[in-house]
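Colleague: got a predicted model here, sequence first, then my questions.
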Amino acid sequence: MMGELAVSGGEIRLEGRDMRGLSPTARARSGIGRTFQTPRLFSGLTVRENILIALLAETKGGGSQVGIADGRSRVGTKERRSSANAEAALVEVGLDEQAPVLAASLSQGQRKRLELAMVLALGPRILLLDEPTAGMGVAERASIMELVMGAVRRRGLTMVFCEHDMETVFAHAPRVVVMDRGTILADGTAERVRADPRVQRIYLGRQAHEEPS
């Protein structure tokens, strides 16, 4: 959906626009924001600078050509222009007090929050989240999903997330698609998918009889 893999079939459309010929950068500028299972941050920059780099990359002519060292040399002007947006994103994810801290010193949960802030600062319409609770304990998983769902509701976003923690999926997704070895196994409401015997056997670790063929 972000253009990092070639499409082998079907269509990808955003508000009627065919996205298949667009680069990941162009798709991001069209309103699609993505986070990764392992957060992709500039570890040598501060929390605030990471968001400013994201804002810099959004502007025409920025993009992936701006490296860490170059980002440091150019972030001053961009910081003055984008400070309000960056600070608002930090407050939204609860990292405003960590703004001057190096990203490398953050915990896994905080790193996830920072990557989310970098995406939210760009004003996306669609969020694609890859394993948003990966590497977290029970309390952290609940906290990050509360944060994500709050942003979705406030901003009126559409969110698609891939997650292996089934309780997280059932708690937050009104529609669930379960895949097994690349094939769709079940698709429907959380209640319907949870009750599917095949999902129970494969993903929930429960013994269930096969549905009649």
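Modeller: Nice, thanks for sending it over.
Colleague: for the protein, which segments count as helices?
Modeller: 24-29, 47-58, 68-93, 108-120, 138-155, 166-172, 190-194, 197-202 (DSSP state H).
Colleague: figure out how far stretch 14-31 is from the centre of its chain.
Modeller: Put simply, stretch 14-31 sits 16 Å off its chain's centre (CA atoms, centre = their mean, to the nearest Å).
Colleague: ok, stretch 169-188 next?
Modeller: Worked out by CA atoms, centre = their mean, stretch 169-188 lies 18 Å from the chain centre.
Colleague: still on that earlier bit, which of the helices of the chain sits closest to Phe36?
Modeller: Phe36 sits nearest to helix 108-120 of all the helices of the chain, at 7.1 Å, using CB to CB. C-betas here are computed from N, CA, C, even on glycine.
Colleague: what mean pLDDT does the closest one have?
Modeller: Over the span of helix 108-120, the pLDDT mean works out to 94.
Colleague: contacts for that helix?
Modeller: By CB atoms under 8 Å, 6 or more residues apart in numbering, the residues outside helix 108-120 that reach it are 33-36, 39-41, 47, 50-51, 54, 89-90, 92-95, 98, 103, 106, 127, 132, 135-136, 140, 143-144, 147-148, 151, 155.
Colleague: can I get the helices of the chain in TSV including mean neighbour count and distance to Met2?
Modeller: Listed next are the helices of the chain as TSV, based on neighbours: other CB atoms under 10 Å; distance: least, CB to CB, whole Å:
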stretch	mean neighbour count	distance to Met2
helix 24-29	17	5
helix 47-58	24	15
helix 68-93	16	20
helix 108-120	23	12
helix 138-155	15	18
helix 166-172	17	21
helix 190-194	16	25
helix 197-202	16	27
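Colleague: now Phe161. Nearest residue, chain neighbours left out?
Modeller: In this structure, Phe161 finds its nearest non-sequential neighbour in Leu129, 3.9 Å apart by CB to CB, 6 or more residues apart in numbering.
Colleague: my read is that Leu102 contacts Glu49, right?
Modeller: No: taking contacts as CB atoms under 8 Å, Leu102 lies outside contact range of Glu49: 9.1 Å.
Colleague: lowest average confidence across the helices of the chain, which one?
Modeller: helix 68-93 (a mean of 68).
Colleague: my guess is Leu45 meets Ile53, correct?
Modeller: Yes: using CB under 8 Å, Leu45 is in contact with Ile53, at 6.7 Å.
Colleague: which residues touch the closest residue to Leu122 other than its chain neighbours?
Modeller: Excluding the flanking residues, the one nearest Leu122 by CB to CB, 6+ apart is Glu58, at 5.3 Å. With contact set as CB under 8 Å, 6+ apart, Glu58 has these partners: Ala28, Arg29, Leu122.
Colleague: could I get the helices of the chain as TSV with distance to Arg17?
Modeller: Below are those laid out as TSV (distance: least, CB to CB, whole Å):
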stretch	distance to Arg17
helix 24-29	10
helix 47-58	19
helix 68-93	25
helix 108-120	20
helix 138-155	20
helix 166-172	28
helix 190-194	30
helix 197-202	34
